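S.K.: Provided below are the primary sequence and the corresponding predicted coordinates.
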Amino acid sequence: RRRYPNEMTDDCWVSSNRAAFCTGSLGDDSLGYDFRLLTERNEWLFEVKSAIDAGGEFELSPRELEVAGSASLERKRRYRILYV
């Protein structure tokens, strides 16, 4: 929200976890990302990951890898992993 205050809304949260905090859509976990944000220059796709163990490892699903790979081929789409 700090980086994109004008573009970031509850509608940007597209995964099913949004249902616990937002009204409206229940979300869709098959998209391969958790947040979708449109700016003048780019379409940003954010996948949120975390880990409990000290190693900090996490896994990406086949769909997440597919979307990340396709975004890397397009100039306007950006895929980012947010590790929390």
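M.R.: Looks like it arrived, so ask away.
S.K.: Dump stretch 30-40 to CSV, restricted to CA.
M.R.: Extracted C-alpha coordinates of stretch 30-40, given in CSV (Å, rounded to 0.1, in the frame of the first residue of the first chain):
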residue,chain,number,x,y,z
SER,A,30,-5.8,-21.1,-9.3
LEU,A,31,-4.5,-17.8,-10.7
GLY,A,32,-0.8,-18.3,-9.6
TYR,A,33,-0.5,-15.1,-7.5
ASP,A,34,-2.2,-13.5,-4.5
PHE,A,35,-2.4,-9.8,-5.6
ARG,A,36,-2.8,-8.1,-9.0
LEU,A,37,-2.1,-4.5,-9.2
LEU,A,38,-2.4,-2.3,-12.3
THR,A,39,-0.2,0.9,-12.7
GLU,A,40,0.3,3.1,-15.7
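S.K.: Touching that stretch from outside, list them.
M.R.: 4, 7-8, 12-15, 17, 43-48, 61, 63-64, 66-68, 79 (Cβ atoms under 8 Å, 6 or more residues apart in numbering). C-beta here means a position set from N, CA and C on the backbone, and glycine is covered the same way.
S.K.: Among the residues you listed, which ones are in strands?
M.R.: Judged by DSSP state E, strands contain the following of those: 43, 44, 45, 46, 47, 48, 79.
S.K.: Which one of the residues you listed is nearest to residue 22?
M.R.: residue 48 (14.7 Å; Cβ to Cβ).
S.K.: quick one: the closest one from residue 73, how far?
M.R.: In this view, residue 48 and residue 73 are 23 Å apart by Cβ to Cβ, to the nearest Å.
S.K.: neighbour count winner among those two?
M.R.: residue 48 (16 against 7; other Cβ atoms under 10 Å).
S.K.: Alright, I will stop here.
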